[in-house]
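K.L.:
mind folding the following:
(chains A and B)
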Amino acid sequence: MSNAGTGEVDGEITDALLKTRRFLTHADISDDMRTIHKEGGREGDVFYRDRWSHDKIVRSTHGVNCTGSCSWKVYVKDGIITWETQETDYPSVGPDSPEYEPRGCPRGAAFSWYTYSPTRVRFPYARRVLLEMYREAKARLGDPVLAFAEISEDPQKRTRYQSGRGKGGLVRTSWEEALEITAAAQVNTIKKYGPDRIVGFSPIPAMSMASHASGARYTSLLGGSMVSFYDWYADLPIASPQIWGDQTDVPESADWWNAAYLIMWGSNIPVTRTPDSHFMTESRYNGTKVVVVSPDYADNTKFADTWMAAHPGTDGALAMAMGHVVLKEFYVDKQVPRFIEYSKAYSDLPNLISLKEREPGVYVPDRFITAVDLGDTTEQANLKTVVIDEATGELAVPNGSLGFRYTESGVGKWNLDLGDIDPLLSVYKDQTSESVALALPRFDIGQESSEGGGIMQRGVPVRHVAGRLVTTVYDLMLASYGVKRDGLPGEWPGSYDDVTQPYTPAWQEEITSVPAATVTRVAREFADSADRSGGRSMITLGAGTNHWFHSDETYRAIIALVTLTGCQGVNGGGWAHYVGQEKCRPYTGWAQLASAGDWQRPPRQMAGTAFFYSATDQFRYDNMGAQELASPLGTGLFKGMSMSDCVAKSVRMGWMPSYPTFNRNPLKICDDAVEAGETPQDYVVSQLRSGDLEFAADDPDAAENWPRVMTVWRANLLGSSSKGNEYFLRHLLGTNNQVRADETPPEQRPRDVRWRDEAPIGKLDLLASIDFRMTSTGIFSDILFPAATWYEKEDLNTTDMHPFIHAFTPAIDPPWETASDYDTFVALSKVFSRLARQHLGVRKDLVAVPLLHDTPGETKQPGGVVRDWKLGECEPIPGVTMPNLAVVERDYGQIAAKMTALGPNVENLGTTVKGITLKSVREVERLKEINGTVKGGIADGRPRLDQAKHACEVILALSGTTNGRVAVAGFKQLEERTGQRLADLAEDNEGKQIRFTDTQSSPQSVITSWEWSGSEHGGRRYSPFTINVERLKPWHTLTGRQHYFLDHDWMAELGEWLPAYRPPLGMSRLFGPPTSGFDGALEVTVRYLTPHSKWSIHSEYQDNLFMLSLSRGGPDIWMSNIDAAKAGIKDNDWIESSNRNGVVVARAVVTHRMPEGTVYMYHAKDRLIDVPKAESSGKRGGIHNSLTRLLMKPSHFIGGYAQLSYGFNYYGPTGNQRDEVTVIRRRSQEVEY
Amino acid sequence: MRVMAQMGMVMNLDKCIGCSTCSVTCKQAWTNRPGVEYVWFNNVETRPGQGYPRGYEDQEKWKGGWKLDRKGRLRLKAGGRIRKLATIFSNPNLPNVDDYYEPWTYDYDSLLNAPAGDDFPVARPKSLITDKDMKVEWSANWDDDLGGATEHGYKDPIVAKLGDKVKFEFEQAFMFYLPRICEHCINPSCVASCPSGAMYKREEDGIVLVDQDKCRGWRMCVSGCPYKKVYFNHTTGKAEKCTMCYPRLEVGQPTVCSETCVGRLRYLGLVLYDADRVAEAATEPDETKLMAAQKSILLDPRDPEVLAEARRSGIPEDWLEAAQNSPVYDLACRYDVALPLHPEYRTLPMVWYIPPLSPVVDALTETGHDGEDIGNLFGAIDAMRIPIEYLAELFTAGDIDPVNDVLRKLAAMRSHMRTVNLGEAVDPSIAEAVGMTIAEMESMYRLLAIAKYEDRYVIPSAHTEVANALLEELPGCSVDFTSTNGDSPVGEAKPVPVTIESFQLTKQRLEAEQYSDLDHKQ
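P.N.:
Here you go, the predicted model:
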């Protein structure tokens, strides 16, 4: 007898018993006794109703180095911040698209924890031993500067406080004292060594512009150097300036929705672009196919229609093979009209390249043919590139190349309008075409003996032009990619299945392990989608591909896929590089404030990686000479040169900045010049010639060339981004470290740069930092200032992921003794001015500036020909063959006055960004009304800048993205130069002026501006280079087009004329296999990668209790179950990971999600949470960057030539860290702290 | 027919990125306080994986939910309620702290306060239960992203059941995320398990709540809930659970977990059901037919008869309108793409899931086929990485057909929309192949892909007359509450509202010189 389906419950006795409940409660009990219903509003509900209540909700955001820029509601009850949830009121994307709401991630959702957390820095702190010595000396000497000078110069005292760094012993001090010590150290440095020995480090202005600008402004006013970050973080894709002459510009995330084919390549979007990943998942419903390239089964692999699990670092091989398929099937076998037309108009493919005979009958590529080769003798003809007109067969000089950008003759002609010219893509006609054999580099062979690779023989069709043998970039590309055409000499792949010849699908399978058929299919689908959708194939790129030593070549190979298929500059298509929140949308205003250019110019802005390479003495351990990287096709330019020799050469030729610059105080240089009766410029040249003056880069370890005072804010340099962390600790700070490497043996030491037998230990006189939470940077600091959090200050925030600007707003006042970064630097400027008035007065400062991109400096070394004045190859001419030399007057007693007022250069000299100079007179007048004016002193009548909100108003008023008038004025200037209609992109917003209060009330859509390359006009989604494509505005490159070919001497030496596959560095061969130091221990040697973490944003949040509770509670290393088995490691075992650079202690996460042979230590693990002492050293285990070290590539220091010119965060060596290997061992499970 | 309204949720797992933002915002808003450190009203678990608490789906062990007795009557799995009353002091099926995790903190302030020493200071983990140093061995999300899966993935009850269909090898790797809140079941076994009558289901919207005044801390609800979504606050001695953010719903706002879901995968809306047929549905003998039985009691909000009955039951007009616009009804009943979690527990859960589609094309295209080709589209589903059996064990008591139907619809939608996206000729056979019209398919697409805020969340506000009643019962002033908690292990003392409690905690932190001076356990 079954009662199933009848609804009977329990049995009779139970029913009877339960029925009694009906008499005990007023509630509605169901007839079958199964459940109880009650109406709403019961007393028992009060508990949660009250929990939900709050007094106010304040809009703010998170100034963390992610690309979030999410707007949040911060809940406040009884003056206490309780929690946060996301705002959902972004301006609409339109009716047929998903919206931006809600943007956020678990990390941001956990932020308010910091407000009252035990790791909050609530008061100013100082290193006790330093403080006591300072107080004693000050009492005795009666002067803060003299007191600091004494303790920092007395070797014993110096060692006492330096060796105590990081080892506890911080004590509370007063604001007054903390400011005074910091200012005294800075005054002492300027006086004794020079202002360029003062260093400021604060990354990513976009994440909190006023906070960044405050310290950068202060540092710049002193004449100190701000250190770059985008390149230092290895987030800068060097390929971007190389190809486009643009730092980085990418589509906003809502543009993924417009894609028809989406490859996520080394870019784990759910983890690293959490707020935006929905556009990816939703785009799939639009029929967009999703392909993932990742070595592990990553979070985004879940969404992949196809997963290509390429071995780490082999992405270039995969991309080259895809390029091979695209070129063969869509350019050679058939010609897709859209691709061909796009390539002719927007790329350098039709440009002519001269060939150079390397050995009899075998040629190598040489240089772009320019108008000079055609006999043109007008100005900058050597920067006007040449094509063949298909219609006439004649040579033609199309508009738009660099030679049109700065010249009188170029007015109205710097554009991509080809007019009647139909550029010839290939000089090949048929198998009877004249051709020559070509030697091209390949890097997939010979790595057992060198990084330089070998040579492959291919052939190209040729023409004779002005007595030279030439071909096109396109023909070189086909040769390089191995796409055969009948009649051409050389060795070519027989088919896609040829494993021996680069760059076939089968060839790449041997390297990447991705099946050749899959690669072929994806390449075909990608190009086919691009054709059918009008260019809507997109590739998102991330740190997984970018943080490698040869990322530039890898990126060139990947980007070639989107340019060959006509996807770049099209909504829904193109590259999407998402590493680093580089996009400070209101760029002009921020740049003006941060450089203090409103008062004095130029600022000192230093390339971060080069700076730290010298400052932390990592060059002393780098036995990888430049020649190691040279192709056998090179001419020996790098023979005998260490990487530091290359740095020194680059610096003296005016390519890359160098601060500290000379081995003499730049204030003294000016004094000496006066004494010598010469201009400072002439004096420097003659002193350099005579050898009486040297660049500091020639002798980084000389005491007079050390950086002396460093201030870090909005950053955790020492717990996060410091590649070669242990070298920082040893040489920069002078404290405990676990450096295990030996110094470079004599035969591999620098040739030109001086080697000092005793390496300096502890270069910094003072490390000061500002933070609201305790990090390694705080731990190692001598002075630690307590900062306001992101819910306690006013500021501005933007990202490249969305087209809005919005605000930080204080939900509460800064509690305890905390203060905003802005207020801290204003306070510091006042103390500094007081001390400086007496010790420094008014001085002249000699500032050396490299040949800068987007200035006429980039026209000074045409052809990329290396001429070193020191070797007598040319004369030392400032601003031509060596850095520009500028004299800046510094009234050190007036720093505070300048800090807190907007200076007159804004309207007198104007603001200059990307070659556009605007004198914003009306904006300054308006700012006087908005901010009020200063009364009295040197800044009398100037707009006030003493509060962060004043700075925010300045940023908004001076930038085109936030002030329509500025946008229109800039476009009009550009119209004159290009002869193209542009201003209409902003004219409908000409009257729009976004105020700070607007950004506080809701996220504000930005205005289309010449500061960027895409358009938001008419509510469209931002995609880079749409202005270039649609309005024929040139890219800021040599040809004005997108470059496949780069013709600099050093590029040629490296064999990197064109995209190529360069494998990860052979670390074991170069530096010896990693060892644990435990003979006979069960261990496994693996690739060591540090991808971005799900539970932190860099080191932020990795100490947050919520994030720790949702993960493993401390540092861990993810490894394959196969590798774990080899080393006898079980899940959650304590392990040690070591190599020559240091030792890490962590717990193992064992999973089949990881590929064999590779481990992940998710970036960024500070050493402060649950890190025991290492068994191998007896010292505290290191951070994730304890196993890495800087390795530099000479092509990153090139300068003075078109897009290959220096710009702050635009070009410069990258702090890549992905090529590293480590050995992992299960350690004793008994750990000590 | 007795019409009742139920607030339900649908989560589209195909869009879930596993970020856990929902867990954090929920925790911050509701359970960031002593006694509930380990409590996650909302959690996100990686599957395959054990879930939270570990292995909660193993009802042979925990005996949660209902079963049919030999006579086909509905009984609590843990035994008849007499047995429950008899074992009130020794609940044998209760998860202990190890099944959740031992919550911990760190001695953070040692970082700032460490005296000068010979090495860098470090913050060690400290148990929040014992206050002692500990090694972290498990957390709220330990096996996230398949961490440790090769060693303990087989403890996932579904994996254990499916045997070698799930392999923990790189080449076969797959995962997806399962966010979970209280199911607010139509037939809640927790309510039935409570001997104190403290648990109840709200008349107007079906939200299942614990009356904090009435709860006596017997914890029968904890074991009775097969989803383990009722927790025990060890400080107040009361049960606590997801409230579906009723203070927000009452004013027309989505739940915290929904509004903060950056995957935009949650939908909130009313469904109407026939309360007279609940038991009938719950006693459907064939487990694989339970979902259909549950759907059969959900009423068409446009059916005039239903509307008439609903009005008779006192459901206000604007609630009926909301029911008609409900995305939950649409996804579950109109498009038939949302499935209940573990219908075999017979609780008639009301948080439903769209199973994850991807990656589908991968396995098929290794053979060189174009998985997007309409001809291969459905073959691809058979070859997908996630074994369909695994999804069926979660959502359909093991019946793969309904899961397959949903995945086919999603795949067909992608295929259809690709032609629209590329501006190419639309092929009506794609929609027809899954029993839909083009119009239906495109409106489903809008709901799933475009998913505007107002389409995801259709929430009628509480009525003014109800709101007034609520107002009267609100405390006049928050200081009416004392700051001390009850000492009784079964929580006889009146609980202190959470805001007061955490306010005092943070206030103490604000005023304390050192964090270590505080008794953060209090």
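
K.L.:
contacts for stretch B:318-327?
P.N.:
Residues outside stretch B:318-327 that contact it (Cβ atoms under 8 Å, 6 or more residues apart in numbering or on different chains): B:5, B:8, B:10, B:267-272, B:301-302, B:307, B:310-311, B:329, B:447, B:455-461. Every C-beta, even on glycine, is put in place using the N, C-alpha and C of the backbone.

K.L.:
what residues of it count as buried?
P.N.:
B:319-320, B:322-327 (16 or more other Cβ atoms under 10 Å in any protein chain shown).

K.L.:
check stretch A:632-652 too.
P.N.:
Buried-residue list, stretch A:632-652, by 16+ other Cβ under 10 Å: A:633-634, A:637-638, A:641-652.

K.L.:
try stretch B:431-441
P.N.:
Buried, per 16+ other Cβ under 10 Å, within stretch B:431-441: B:431, B:433-434, B:436, B:441.

K.L.:
ends of it, how far apart?
P.N.:
7 Å (Cα to Cα, to the nearest Å).

K.L.:
what pLDDT, on average, does it get?
P.N.:
Across stretch B:431-441, the average pLDDT comes to 96.

K.L.:
which parts of the stretch 801-950 of chain A sit against chain B?
P.N.:
Contact residues, the stretch 801-950 of chain A versus chain B (Cβ under 8 Å from any Cβ of the partner chain): A:815-816.

K.L.:
scan the helices and strands of the chain for the one with the lowest mean pLDDT.
P.N.:
You didn't say which chain, so I picked chain A. Least confident helix or strand, chain A: helix A:21-24 with a mean of 46, by mean pLDDT, DSSP states H and E.

K.L.:
chain B was what I was after
P.N.:
That would be, for chain B by mean pLDDT, DSSP H and E, helix B:464-473 at a mean of 41.

K.L.:
just to revisit the earlier point, show me which of the contacts of stretch B:318-327 are buried.
P.N.:
B:5, B:8, B:10, B:267-272, B:301, B:307, B:310, B:329, B:447, B:456-460.

K.L.:
ok, and the closest non-adjacent residue to the residue of the stretch 401-522 of chain B found nearest chain A?
P.N.:
The nearest approach of the stretch 401-522 of chain B to chain A comes at residue B:418, 2.6 Å away (Cβ to the nearest Cβ). Spatial nearest neighbour of residue B:418, chain neighbours left out: residue A:287 (2.6 Å); criterion: Cβ to Cβ, 6 or more residues apart in numbering or on different chains.

K.L.:
list the contacts of that neighbour.
P.N.:
So residue A:287 contacts A:260, B:372, B:414-422 (Cβ under 8 Å, 6+ apart).

K.L.:
list just the nearest of the residues you listed to residue B:101.
P.N.:
Closest approach between the contacts of residue A:287 and residue B:101, by Cβ to Cβ: residue B:414, at 38.9 Å.

K.L.:
the closest one: neighbour count?
P.N.:
26 (other Cβ atoms under 10 Å in any protein chain shown).

K.L.:
excluding its backbone neighbours, what's nearest it?
P.N.:
residue A:287 (5.3 Å).

K.L.:
help me confirm that the one you found is found in a strand?
P.N.:
No: assigned with DSSP: H, G, I helix; E, B strand; the rest coil, residue A:287 falls outside any strand and is coil.

K.L.:
do you know the pLDDT at it?
P.N.:
92.

K.L.:
relative to the longest strand seen in chain A, what are the paired strands and their orientations?
P.N.:
Looking across chain A with DSSP state E, the single longest strand is strand A:1142-1151. Strand A:1142-1151 has these partner strands in its sheet, going by DSSP bridges: strand A:1116-1120 (parallel), strand A:1134-1139 (antiparallel).

K.L.:
tell me which of the ones you listed sits nearest to residue A:159.
P.N.:
When the strands paired with strand A:1142-1151 are compared (using Cβ to Cβ), the closest one is strand A:1134-1139, at 27.8 Å.

K.L.:
contacts made by that closest one with the rest, please.
P.N.:
A:740, A:1074-1077, A:1088, A:1117, A:1127, A:1129, A:1143-1148, A:1159, A:1161, A:1172, A:1174-1176, A:1181, A:1187, A:1220-1229, A:1231.

K.L.:
which two in the buried residues of stretch B:431-441 are spaced the farthest apart?
P.N.:
B:433 and B:441 (10.5 Å).

K.L.:
helices along the stretch 301-450 of chain B, start to end?
P.N.:
B:304-312, B:317-324, B:327-329, B:361-365, B:374-382, B:388-395, B:400-421, B:428-433, B:438-445 (DSSP state H, counting those that start in this stretch).
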